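In: Make a model of this:
(2 chains)
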Amino acid sequence: MTGHFPILSVLLWLPILGGLLVLLAGRMAPPTVRWLALFFAVLSFAVSVPLWTQFDNSTAAMQFTEKLPWISTFNVYYSLGVDGISMPLILLNTFITILVVAAGWEVIQYKTSQYMAAFLILEGLMNGVFSALDGMLFYVLWEAMLIPMFIIIGVWGGPRRVYATIKFFLYTFFGSVFMLVALIYMYVKSGSFDILGFQQLPLGLHAQVLIFIAFLLAFAVKVPMWPVHTWLPDAHVEAPTGGSVILAAIMLKMGGYGFLRFSLPITPDASHALTWLVVGLSLIAVVYIGFVAIVQTDMKKLVAYSSVAHMGFVTLGFFLLFLIFGRDANGAGSVMGVEGGMVQMISHGFVSGALFLCVGVLYDRMHTREIEAYGGVINVMPAFAFFMVLFAMANCGLPGTSGFVGEWMVILSAMRANFWIAFLAAFTLFLGAAYSLWLVKRVIYGPVTNSHVKEMNDVSQRELIILGLCAVPVILIGIWPAPLLDVMHATVTNLVHQVVQTKIVSG
Amino acid sequence: MNFELPQFLPAVPEMFLLGMICFVLIVDVCISDAHRLITYWLSLASVVGTAWLTIAVAQQGSLLTFSGMFVNDAMGNVLKLCTDLVVAVVFIYSRDYLRDRGLFKGEYYILGLTSLLGMMVMISAHNMLTVYLGLELLSLSLYAMVALDRDSAVASEAAMKYFVLGAIASGVLLYGMSLLYGATGTLDLTELGVHIASGSGTSIATVFALGFVVAGLCFKLGAVPFHMWLPDVYEGSATSVTLFVGTAPKIAAFALFMRFLVEGLGGLHSDWQGMLIAISILSMGIGAFVAIVQSNFKRMLAYSTIGHVGFILLGILAGTTAGYQAAMFYTLTYVLMAMAAFGLILLLARKGFEAEKLEDLKGLNERSPWFAALMLMVMFGMAGVPPFVGFFAKLYVLRAVIDVGLTWLAVTAVVFSIVSAYYYIRVVKLMYFDRAPANAKGVRAEFDLRWLLSGNGLAILALGVLPGPLMALCVKVIAF
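Out: Residues are numbered from 1 along each chain as shown, chains lettered A, B, ... in the order given. Model (predicted):
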């Protein structure tokens, strides 16, 4: 596949270039800067659409590949490509970035150009993370991404932003450096940083377990899994609305993506041996964090904890496959678990992103996120209330919304694995309902008790468009998930078959 | 011994520099303070001329001259060229700062040139006597330079500490050399290497001598536990002197390790590897933890230097060609970053105001977004976050130590790099998250300084995006 239009390179570099231009335009009036940023965000999304339309569903091989030598001393290649797992995530990223740019439109007055530029650069780097096929390229982008996010939370965040952003940076940095050691170790063994090469590399169980743990540290912090999730509520609460949206919708997905791209295929035997660990941690996230979410008094914190619980569902779906493979023909149940996790990731991207946008809409009016301060919002903001209720319903997995599809698939495959796992996983159904609906009840319904609430205006046209854009995919995936599943089916099937084969060489 | 011209050829850059030093010295005596710029331009011309001559006499293979005391080889030439460049940049960065403080005298530039000569001799040394000659020329120039601001009590104290400790270290090194001479009967580094490799010279005496040599070398590099002078000197000296002390001599010290420890005492690798592992872990640890509590930016950077030295030693202790290449890459890129860091401190300082407290960086993003961005690149570069070049330097040395089976050491190193990331990002926090004090002014700088510093900072990014060529250069010149 040479000679085609390098879509992935453009998706990596165009937003970064756009970000630099926006920075340079910093001396111009803020409106110019905003429109310029929006232009680049929309352009990037337009470029990413052909990834979907021209995608070949029938193969598990990498598509739209590009490969150039980058650092010959290390045999590192600038190697890009997407498959059914990464392609939807890239589209999610380019789509969400438009919303984020729009969401910061009038709200961000301090250093507007730096704010917009940070998000555009972040978008490019994250596109690169999802499309990198070279371990070193992946790592460079994975780490580079921390810098804009660190700045976003630290400069435009809330009162405790410094604490939150340093905690965020050090936690994620801590996790990923061990991944670096693991990558170098495999490079020394195999002579290159090719991820697909790593997947073929025979490794003994001892080495696999150590590599698996190194990856687990990196990805578990990112996902985040219990007990290394504590940076997330802080970061979410303190980040500006746009930062929370990107964190929840895209950055957390990188952890899940890492499990599928690295942990499972590179260290299948260790994954098998340590399935109990990941499944256990996931169930703790689902049940315990679900309870924690209920008692939150801060809206953003509540959504943040619900993110941890939902991501626990994702990792659960991924790691169920060892428990059920072989019980049915072709491992269909395993495939369903992984696909369920993937759908959950995409859906959570839209739903949690939308919920953070909703909280942002309220915050911009009242400058508080305390649930107690609100009540009866529906009386003054009916249009807004419609969307907030919709997304809350999607968050608790109401059939007909995207949240239902993934949860249902994961619970179904959990049932094949073990009744008690399914039982605990199903807790999410009523825990999710409890914290989402109770939030809605306290914020949206009831009488207006706070005089400030009375003065709130309903959503502006800009906000209406943003929320509307979020609602479309939530409902589309909910009622017709087939296109999304088709895209990933071949890749996931291939992955599952690859993962259940042992890599340990005898002797 | 016949002195034919071709035998001088490999050393022509050094000879030219020596001639120029004498010339500048005489000219400087004859001109008044009003025309001190003449000294400045002449010094710059000397450095540029030396660099040009270094390129001109460079050739394939290595060439010995002066009865094998002096060597001209690819590694030496690249390191000399880098040293020349660094010194030239340091001269330019320092000009305005010195002028604002009434220190714009010929001495700074002449001492700079003599220490450059010392460094070049060190880089080309092929005999223990030449090593010592170059080292002392460098050290004595630096002692004097630290004391340049003679009315400052802190500077005088720093110079005194540096001198006393440096003299002890030189003595220790000399003692080690004499023991080696006694055990092997030669001063020539290649002969020493052959002697030790053959096993006939490895006795208790050589290993004993090795201990002294390692201690002496580590003092010059500033590795724990021989680091005591470094924070005081960095903090006490005028910032332009700190800039000088903190950059170019590191390249020369790396060359010293290569010539002495690797070429001369390579046969004792198994003995010095253990020593360097301990020293390296201690350096990374002290560098990471002690820097956190510093409130003086220069002192913080001093501890960060100690941490980086630990990383450079990782590459050397691996004892493989790839390890030495990694150490060279690390040294060069570290010097690049240190140059930008101190350059920015110089830039932020104004007449009657030193920007050396961490607090002075508060709200820099509001005062000057561009220079704040440059400092951000330096800080993330030093922390080892991609896409800045510091990351690839760390990657390179980590690969070298994992290659020789010391994976635990690599894990230790990355743990320390997490700790040290904290104080680097704290600087970013001060610049970006804190608001500037009400009386803060914008940043003004001369045209050339502004552009040079920008180029310096962007090089950290450019080499991080495309580290290939510099790595290839390191691979090319270090091939044993």
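
In: CA atoms for contacts and neighbours, from now on please.
Out: Noted.

In: Looking at the chain, which helix is longest?
Out: Assuming you mean chain A. helix A:332-366 (DSSP state H).

In: ah, no, chain B please
Out: Max-length helix for chain B by DSSP H is helix B:153-184.

In: buried ones in that helix?
Out: B:154-163, B:165-166, B:169-170, B:172-181, B:183-184 (16 or more other CA atoms under 10 Å in any protein chain shown).

In: Could you measure from residue B:334 over to residue B:328?
Out: The spacing between residue B:334 and residue B:328, counted by CA to CA, to the nearest Å, is 10 Å.

In: more neighbours, these two?
Out: Taking neighbours as other CA atoms under 10 Å in any protein chain shown, residue B:334 and residue B:328 compare with residue B:328 leading, 29 against 26.

In: Regarding residue A:69, what are the backbone dihedral angles?
Out: phi -70, psi 140 (degrees, to the nearest 10).

In: What does the pLDDT read for it?
Out: pLDDT recorded at residue A:69 is 88.

In: do the one 10 residues further on as well
Out: We note a pLDDT of 90 for residue A:79 in this prediction.

In: before we move on, what about the one 10 residues further on?
Out: The score at residue A:89 is 91. That number is its pLDDT.

In: And for the one 5 residues further on?
Out: Residue A:94 is assigned a predicted lDDT (pLDDT) of 92.

In: What residues does chain A have near chain B?
Out: A:70-73, A:140-141, A:143-144, A:151, A:154-155, A:162, A:166, A:170, A:173-174, A:177-178, A:181, A:184-185, A:188 (CA under 8 Å from any CA of the partner chain).

In: Centre-most residue in chain A?
Out: Among the residues of chain A, residue A:253 comes closest to the average C-alpha position under CA atoms, centre = their mean, at 2.6 Å.

In: If you drop the residues flanking it in sequence, what lies closest to residue 294?
Out: All of this refers to chain A. With sequence-adjacent residues excluded and distances taken as CA to CA, 6 or more residues apart in numbering or on different chains, residue A:294 is closest to residue A:435, at 4.6 Å.

In: right idea, wrong chain: chain B
Out: residue B:300 (5.5 Å).

In: Any stretches of the chain with poor pLDDT?
Out: No chain was given, so I picked chain A. A:1-3, A:326-331, A:505-507 (pLDDT under 70).

In: not what I meant, chain B
Out: B:1-6, B:200-202, B:480.

In: which bits of it sit near chain A?
Out: Near chain A, when you scan chain B using CA under 8 Å from any CA, you find B:385-387, B:398-399, B:402-403, B:407, B:410-411, B:414-415, B:418, B:421-422, B:425, B:429, B:432-433, B:466-468, B:471-472, B:475.

In: The residue nearest to residue B:294 touches residue B:289, doesn't it?
Out: No - applying CA atoms under 8 Å as the test, residue B:300 and residue B:289 come out as separate, 10.4 Å apart.

In: neighbour count winner among the two?
Out: residue B:300 (26 against 18).

In: Run through the residues that contact the more buried one.
Out: B:291-292, B:294 (CA atoms under 8 Å, 6 or more residues apart in numbering or on different chains).

In: List just the nearest of the residues you listed to residue B:149.
Out: For the contacts of residue B:300, the minimum distance to residue B:149 (CA to CA) is 23.6 Å, reached by residue B:294.

In: Checking my notes, that closest one in a helix, right?
Out: No - residue state for residue B:294 (DSSP: H, G, I helix; E, B strand; the rest coil) corresponds to coil; a helix is not indicated.

In: what separates the residue most central in space within chain B from residue B:244, distance-wise?
Out: Nearest to the geometric centre of chain B sits residue B:250, at 1.9 Å (CA atoms, centre = their mean). Separation of residue B:250 from residue B:244 (CA to CA): 10 Å.

In: what's the helix or strand that contains residue A:489 in contact with?
Out: Per DSSP states H and E, residue A:489 falls inside helix A:482-499. Residues from elsewhere that reach helix A:482-499 (CA under 8 Å, 6+ apart): A:55-61, A:83-85, A:88, A:264-265, A:268, A:321, A:331, A:334-335, A:338-339, A:343, A:477.

In: Out of those residues, name the ones that lie in helices.
Out: A:88, A:264-265, A:268, A:321, A:334-335, A:338-339, A:343, A:477.

In: residues of stretch B:82-94 that come out buried?
Out: Of the residues in stretch B:82-94, those buried under the neighbour-count criterion (16+ other CA under 10 Å) are B:82-94.

In: quick one, strands of the chain?
Out: In the absence of a named chain, this looks at chain A. With strands called from DSSP state E, chain A shows them at A:63-71, A:76-82.

In: sorry, should have said chain B
Out: Along chain B, counting by DSSP E, strands occupy B:63-65, B:70-72.

In: Of all these, which one comes closest to residue B:452?
Out: strand B:70-72 (30.1 Å).

In: Which other helices and strands does the closest one contact?
Out: Judged by 3 or more CA pairs under 8 Å, 6 or more residues apart in numbering or on different chains; DSSP states H and E, the packing partners of strand B:70-72 are strand B:63-65, helix B:106-124.
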